[in-house]
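J.: The following comprises the amino acid sequence and a computationally predicted model.
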Amino acid sequence: MLGYFLRRLLATIPVMGVVALFVFSLLYLSPGDPAAIIAGDLATPADIARIRTKLGLDEPYFERFGHWLAALAHGDLGTSIFTGLPVAHLIAQRVEPTVALTVCTLIVTVLLAVPLGVLAAWKAGGWVDRAVMAFSVLGFSLPVFVFAYLLIMLFAMKLGWLPVQGYRPIEDGFWPFLRHLVLPSVALGTVYMALIARITRATMLDVLAQDYIRTAHAKGLAPGEVLVGHALKNASVPIVTVIGIGVTLLISGVVVTETVFAIPGIGRLTVDAILRRDYPIIQAVTLIFSAAYVIINLLVDLSYTVLDPRIRY
Amino acid sequence: MKASFRSLMGAAVLAAAMLHAGGAAAEKTIKFIPEADLKSLDPIWTTAYITRNHGYMVYDTLFATDAKFQVRPQMVDTYQVSADKLTWTFTLRDGLKFSDGQPVRSADCIASIERWAKRDVLGQKLGELTESWTAVNDKTFKLKLKKPFAFVLEALGKPSSNVPFIMPERVAKTDAFTQITDPIGSGPFMMVKSEWVPGSKVVYVKNPYYRPRSEPPSWAAGGKVVKVDRVEWLYIPDSATAANAINAGEVDWWQQLPPDLIPVLAANKDIKIENTDPLGSIGILRFNHLQPPFNNPKMREALLYVVNQQDYAIGIAGSPKNGHPCYSFYTCGTPLASELGAGPLKGKRDFDKAKALIKEAGYKGEKIVVLDATDQPIVHAQALITLELLKKLGLNAELASSDWGTLITRRASKEPVDKGGWSIFHTWFVGPDMTTPALNAPLRASGADAWFGWPSDPKIEALRNQWFAAADPAAAKTLAEQIQAEAFKSVPYIPTAQFIIPTAYRTDLSGILVSPIPLMWNVEKK
């Protein structure tokens, strides 16, 4: 088990290497010139050329890639071309809002979607099942930003219960922190709720048709005990897999949510960096996201051994 | 021990009293949505307007232009010019200090002006004519010129990018092509760099060392009296969210309200919508003068007869209230603006005449590529209108849509369109940047050295040089008019409209100054 864990961790190194090469090459080949953006609309071509030289943007491909890799090997993610601030500092500033939003969304999603899916499977064919499935279709169909604006209109503008935008760090107090996360989490979580509720329902329907469930009922176990203790436990592996995929999808999904709710997170940092071609930020964020994907998948794989003792690595 | 206990209690009581006093006089904070995200702190390194606006927060200038286009002393107390107009002596006001408490010295001013003169178009001209800058003492310094220059004060009081802001000497000694990151300045506010979250928030507090002038404020001139404790710039990229935020009272002031959201905010009686920018901005249609078909002056002239500024104004600003024609190469409403030579642009739109000119030009159906940045509404609106015009003229035109970052890279290409070049692009400049032949970058016609599009018109360049050497304002105005008349013949670009993006603020704010730049001093919050 430990050997498996270490092997998987070591396997992230070549994965990250390939990602680094791919991202660097893609950015190198893509159109756009940060020097021209920095210089502003009034700058002359000569001014832009001098800024490009100062920033080392006119260096050959291998030289630039080599410099970046060497700095990376020393733990230096580079310096933002525009702000002149270290990329590590910029990312550190943005991690908390994104992690807070992702975790909050995940909690809301799992706490609501799994029971809804279980309930729908238990009452399959009934009105509860139809209502849950209708909600799922709506969740899949409604774009996040549309749902976000609807939430803002109702809960922030009409009722005034929650703020329209912004983020408050947890050190400002738990309630202000939570108030700013409720609407973004619900908006972002709806599509995942729909996905997890559907998967939970489908898996539970399959498990509920098994002989051992019938046996459990025949033994006189309470329906709740059968549902949670026997059915849900056995259905949990595919559900956890989907939750794991959901987490990785959430990371990309935060971009829209962070923009609509003006949350200064990693998603917005990435989009801003792409629009202005701030290469060191794009490269660093992509690497970190790749590492996060690999680690989340590893954790999901490891969780199988806990949920199903038959699985061993 | 007893004494220690008493001291402790005394300290506690004092602390409580201070806390209470702090609570009684609640901190006044203005929450402001700026036009863009502040990416760089160096207003000399970049010409970006958001960095210029940041510059006005944290720096002051030696001179400043007021609402009557008069250049007035700002950090300077008195100045003298020698009879031969070659030596200028400037003396600073008493008690000027930077936001770190250090005094502003002649050496700081000289280093700042020298750095600025390496980057700014007017500064470069001043630099060419400068023999030396010398510090007489900490408060007085001299400028010695090689030959008289009529625009010394206009240069030092230049209101828009690049503005000759005064920085500490140690900062201003930085190479002009390397970004500074230290925001210590001479202005009415100081930046709280520890609270800066690029892409989200910039925080300024009142500079306790700043000494405002006693005159009332007028644009960037006069007394810069700060009437709040703190200003937060909150960058909200989504305009619907920004509208909701100001409607809900989460922010106080939104610098640039998109035209389509004006009715939404107008319905809220707690919000005022005003045009505080007296000069607005000028849209432009820029040709590639190196490649067919617009390397032919007749093709450029043809478009003068069909561009309808009213259409562009409405396309950009949404209503005639916020956009109008300006048939001048200089910002309408400023001293040099005139309609001399503007007949082809101003008269009845004449497609027959344009088609005749196109025929005369021998147009052979060459592909015309109009660059379009879909993430820039002002550029996008102009590109769509121009494409429509070109098609109406029967030209082989197509749109190359991208983001702004891609557009500004492609516009640097001098290649033909089939090798990644271009034919037309649009942009806009704020009014103060188009007021004179010195400042108007797209009016330069120096060929390969000129701004993107590279027009070549030796007559314009010769007249521009004469303008710099003009002896008095009347002579300068005549020369500026001659430049314009020539420009309407060689058509380096076409001005498409003058437009204003209104500002919106909550009614508990007052004292917002009418100015082409959003200025934060003089603003009070109830």
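T.: Arrived safely, thanks for sending. Numbers count the residues shown, from 1 in each chain, chains lettered A, B, ... in the order given.

J.: Walk me through the domains of chain A.
T.: The record assigns chain A these domain ranges, following automatic domain parsing: A:18-73, A:94-307.

J.: Start and end of the last one, how far apart?
T.: Across domain A:94-307, the terminal residues are separated by 34 Å (Cα to Cα, to the nearest Å).

J.: so does it get close to chain B?
T.: Yes - Domain A:94-307 comes into contact with chain B (Cβ under 8 Å from any Cβ of the partner chain), by way of A:94, A:149, A:152-153, A:156-157, A:160, A:163-166, A:259-262, A:264, A:268-269, A:272, A:275-277. C-beta coordinates here come from the backbone N, C-alpha and C atoms, glycine included.

J.: Buried ones from those, can you make that a ChimeraX selection?
T.: Entered in ChimeraX, the line below selects the buried ones among those, by 16 or more other Cβ atoms under 10 Å in any protein chain shown:
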select /A:94,149,152,156,163,164,165,166,259,260,261,262,264,268,269,272,275,276,277
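
J.: What residues of stretch B:386-395 count as buried?
T.: By neighbour count on 16+ other Cβ under 10 Å, the buried set for stretch B:386-395 is B:Thr386, B:Leu387, B:Leu389, B:Leu390, B:Leu393, B:Leu395.

J.: Would you mind finding the most buried of the domains of chain A?
T.: Among those, domain A:94-307 has the highest mean neighbour count (mean count of other Cβ atoms under 10 Å in any protein chain shown), at a mean of 19.

J.: can you give me the offset of that domain from its chain's centre?
T.: Computed by Cα atoms, centre = their mean, to the nearest Å, the chain-centroid distance of domain A:94-307 equals 9 Å.

J.: export the domains of chain A to CSV and tack on distance to B:Asn522 and mean pLDDT?
T.: Output for those, formatted as CSV (distance: least, Cβ to Cβ, whole Å; pLDDT from 0 to 100):
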stretch, distance to B:Asn522, mean pLDDT
domain A:18-73, 27, 84
domain A:94-307, 27, 90
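
J.: Output the set of residues of the stretch 401-526 of chain B in proximity to chain A.
T.: So far as Cβ under 8 Å from any Cβ goes, the stretch 401-526 of chain B lies against chain A at B:402-406, B:408-410, B:412, B:427, B:429, B:433, B:441, B:449-452.

J.: can you do 10 Å?
T.: Counting by Cβ under 10 Å from any Cβ of the partner chain, the residues of the stretch 401-526 of chain B close to chain A are B:402-412, B:414, B:420, B:427-429, B:433, B:439-442, B:444, B:446, B:448-452, B:454.

J.: Using ChimeraX, define a selection of the buried residues within the residues you listed.
T.: A single ChimeraX command is used to select the members of these judged buried by 16+ other Cβ under 10 Å:
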select /B:402,403,404,405,406,407,408,409,410,411,414,427,428,429,433,439,440,441,442,444,446,450,451,452,454
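
J.: The residues of the stretch 401-526 of chain B next to chain A in helices, which ones?
T.: Of those, the ones assigned to helices by DSSP state H are B:Trp404, B:Gly405, B:Thr406, B:Leu407, B:Ile408, B:Thr409, B:Arg410.

J.: Turn the residues you listed into CSV, including pLDDT.
T.: Formatted as CSV, these follow (pLDDT from 0 to 100):
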residue, pLDDT
B:Trp404, 86
B:Gly405, 80
B:Thr406, 85
B:Leu407, 89
B:Ile408, 85
B:Thr409, 83
B:Arg410, 90
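
J.: Let me know which of the domains of chain A is the nearest to B:Gly187.
T.: Proximity to B:Gly187 (Cβ to Cβ) singles out domain A:18-73 among the domains of chain A, at 20.5 Å.

J.: is any part of the closest one close to chain B?
T.: Yes - residues of domain A:18-73 are located near chain B by Cβ under 10 Å from any Cβ, namely A:30-55.

J.: Just want the residue of the stretch 101-250 of chain A that's nearest chain B.
T.: Residue nearest to chain B within the stretch 101-250 of chain A (Cβ to the nearest Cβ): A:Val164, separated by 4.4 Å.

J.: show me what contacts the residue nearest to A:Val228 when sequence neighbours are not counted?
T.: Nearest residue to A:Val228, sequence neighbours excluded (Cβ to Cβ, 6 or more residues apart in numbering or on different chains): A:Val118, at 7.7 Å. By Cβ atoms under 10 Å, 6 or more residues apart in numbering or on different chains, the contact list for A:Val118 reads A:132, A:197, A:200-201, A:203-204, A:208, A:227-228, A:231-232, A:235, A:239.

J.: just A:Gly139 next, same as before
T.: By Cβ under 10 Å, 6+ apart, A:Gly139 lies in contact with A:Ala113, A:Phe147, A:Gly189, A:Thr190, A:Val191, A:Tyr192, A:Met193, A:Ala194, A:Leu195, A:Ile196, A:Ala197, A:Arg198.

J.: at 7 Å what do you get?
T.: By Cβ atoms under 7 Å, 6 or more residues apart in numbering or on different chains, the contact list for A:Gly139 reads A:Thr190, A:Val191, A:Met193, A:Ala194.

J.: now B:Val228
T.: Contact analysis of B:Val228 by Cβ under 7 Å, 6+ apart lists B:Lys28, B:Thr29, B:Ile30, B:Val523, B:Lys525.

J.: do the same with B:Leu303
T.: By Cβ under 7 Å, 6+ apart, the contact list for B:Leu303 reads B:Ala354, B:Ile494.

J.: what about it, distance to B:Asn53?
T.: 34 Å (Cβ to Cβ, to the nearest Å).

J.: Residue numbers of chain B in contact with chain A?
T.: B:37, B:39-40, B:46-48, B:161, B:177-179, B:181, B:197-201, B:236-238, B:240-241, B:244-245, B:247-248, B:250, B:403, B:405-406, B:408-410, B:412, B:427, B:433, B:441, B:451 (Cβ under 7 Å from any Cβ of the partner chain).

J.: Among those residues, the buried ones, what's the ChimeraX command?
T.: To isolate the buried ones among the residues of chain B next to chain A in ChimeraX, judged by 16+ other Cβ under 10 Å, type:
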select /B:37,39,40,46,47,48,161,177,179,197,198,199,200,201,236,237,238,240,241,244,245,247,248,250,403,405,406,408,409,410,427,433,441,451
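
J.: Among the residues of chain B next to chain A, which ones are in strands?
T.: Here DSSP state E is the test, and these give B:Lys201, B:Thr427 as lying in strands.

J.: Now the residue nearest the centre of chain B. Nearest residue, chain neighbours left out?
T.: Centroid check for chain B by Cα atoms, centre = their mean gives B:Ser160 as the closest residue, at 4.2 Å. Nearest residue to B:Ser160 in three dimensions, chain neighbours excluded: B:Pro432, at 3.9 Å (Cβ to Cβ, 6+ apart).
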